[in-house]
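Asker: Build the 3D model from these lines:
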Amino acid sequence: MNNVSPLINFFIQQGVPLETVILLLMLPVVVTLIAFFRQIVGIKAFGIYTPAIVTFAFLAVPQLRYGVVVFVSVILVGMLMRFVLKSFRILYLPRVAITLSVIAFSILFLLGLGGYFQRTGLASVTIFPILIMITIVEKFVVVQIEKGNKAAVILAVETLVISLAGYYLASWPMLIKGIIAFPWLILITIPINIFLGKWDGLRLTEYVRFWEVLKNLK
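Answerer: Numbers count the residues shown, from 1 in each chain. Presented below is the predicted three-dimensional model:
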């Protein structure tokens, strides 16, 4: 705490928890990372908001692996319910409501299994990260309807990959210490995003995709 910035100290003195201050200052870093993956690497995921909140959901669980288990379980149950409800021909919102209800029961059962097998970290996962994971289902179902199962699964996997990258970045001790000592460094994300916003070159995934074409052009 000796290297805490006066600005951070001000917020702490006003009663704002240090963890909350760090997470809010970490948000620009995480969303900039997501923008980088989208613009430079070419990984789409479910937009920018979903990977960001999943990242913070991972930070809120006792252990990362339990967050991943909940995420994968939500996606798998969502896929299953899509096939189950397909033959009923019911409207979109009631279908999503039924899907979310089944997922809630499934996650509760999963937490119970965690307690039964003495996986206390899984059993103690709080409602906040669980609700975040469940909200992904609606986006997943929309993509399933519009683009098919394969596209939905790919976007879900990409979201998981970006969220994991965001988790490791946001939990990096050196970065946390740097933000606590020099919170103004967060402003660097603004010119970085301006650069990303003006990027008009090929993405890394496009280089892989069109490698044969590019090789023939040389």
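
Asker: Please make it C-alpha for all contacts and neighbour counts, starting now.
Answerer: Will do.

Asker: Are there helices or strands packed against the helix ranked longest in the chain, and which ones?
Answerer: The longest helix of the chain (DSSP state H) is helix 92-116. Counting contacts by 3 or more Cα pairs under 8 Å, 6 or more residues apart in numbering; DSSP states H and E, helix 92-116 packs against helix 64-86, helix 120-123, helix 127-147.

Asker: Nearest to P51 among those would be which one?
Answerer: For P51, the closest of the helices and strands packed on helix 92-116 is helix 127-147, at 9.5 Å, according to Cα to Cα.

Asker: re earlier: would you turn the helices and strands packed on helix 92-116 into a markdown table with distance to L202 and mean pLDDT?
Answerer: Formatted as a markdown table, those follow (distance: least, Cα to Cα, whole Å; pLDDT from 0 to 100):
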| stretch | distance to L202 | mean pLDDT |
| --- | --- | --- |
| helix 64-86 | 31 | 87 |
| helix 120-123 | 41 | 70 |
| helix 127-147 | 24 | 82 |
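
Asker: Quick one, which of these gets closest to A170.
Answerer: Short answer: helix 64-86, nearest of these by Cα to Cα, at 12.6 Å.

Asker: Going by neighbour count, which residues in that closest one are buried?
Answerer: Residues 64, 66-68, 70-75, 77-79, 81-82 are the ones in helix 64-86 that count as buried (16 or more other Cα atoms under 10 Å).

Asker: Repeat that for stretch 163-176.
Answerer: Quick answer for stretch 163-176 (16+ other Cα under 10 Å): 163-167, 169-170, 176.

Asker: In JSON lines: the residues you listed, plus distance to A156 and pLDDT.
Answerer: Converted to JSON lines, the buried residues of stretch 163-176 look like this (distance: Cα to Cα, whole Å; pLDDT from 0 to 100):
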{"residue": "S163", "distance to A156": "10", "pLDDT": "93"}
{"residue": "L164", "distance to A156": "12", "pLDDT": "94"}
{"residue": "A165", "distance to A156": "14", "pLDDT": "94"}
{"residue": "G166", "distance to A156": "15", "pLDDT": "93"}
{"residue": "Y167", "distance to A156": "16", "pLDDT": "94"}
{"residue": "L169", "distance to A156": "20", "pLDDT": "93"}
{"residue": "A170", "distance to A156": "21", "pLDDT": "92"}
{"residue": "I176", "distance to A156": "28", "pLDDT": "91"}
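
Asker: Can you tell me which of the residues you listed end up in helices?
Answerer: Reading helices off the buried residues of stretch 163-176 with DSSP H, I get 163-167, 169-170, 176.

Asker: Using PDB, list the CA coordinates for stretch 52-72.
Answerer: Output in PDB follows, covering the C-alpha atoms of stretch 52-72 (Å, rounded to 0.1, in the frame of the first residue of the first chain):
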ATOM      1  CA  ALA A  52     -15.600  -8.200 -21.000                       C
ATOM      2  CA  ILE A  53     -18.300  -9.300 -18.500                       C
ATOM      3  CA  VAL A  54     -17.300 -12.900 -18.800                       C
ATOM      4  CA  THR A  55     -13.700 -11.800 -18.000                       C
ATOM      5  CA  PHE A  56     -15.000 -10.100 -14.800                       C
ATOM      6  CA  ALA A  57     -17.100 -13.200 -14.000                       C
ATOM      7  CA  PHE A  58     -14.000 -15.300 -14.200                       C
ATOM      8  CA  LEU A  59     -12.300 -12.900 -11.800                       C
ATOM      9  CA  ALA A  60     -15.200 -13.300  -9.400                       C
ATOM     10  CA  VAL A  61     -15.100 -17.100  -9.100                       C
ATOM     11  CA  PRO A  62     -12.800 -18.800  -6.500                       C
ATOM     12  CA  GLN A  63     -10.900 -20.600  -9.200                       C
ATOM     13  CA  LEU A  64     -10.700 -20.000 -13.000                       C
ATOM     14  CA  ARG A  65     -11.400 -23.700 -13.800                       C
ATOM     15  CA  TYR A  66     -14.800 -23.500 -12.100                       C
ATOM     16  CA  GLY A  67     -15.700 -20.400 -14.100                       C
ATOM     17  CA  VAL A  68     -14.800 -22.300 -17.300                       C
ATOM     18  CA  VAL A  69     -16.900 -25.300 -16.200                       C
ATOM     19  CA  VAL A  70     -20.000 -23.000 -15.600                       C
ATOM     20  CA  PHE A  71     -19.400 -21.300 -19.000                       C
ATOM     21  CA  VAL A  72     -19.200 -24.600 -20.900                       C
END
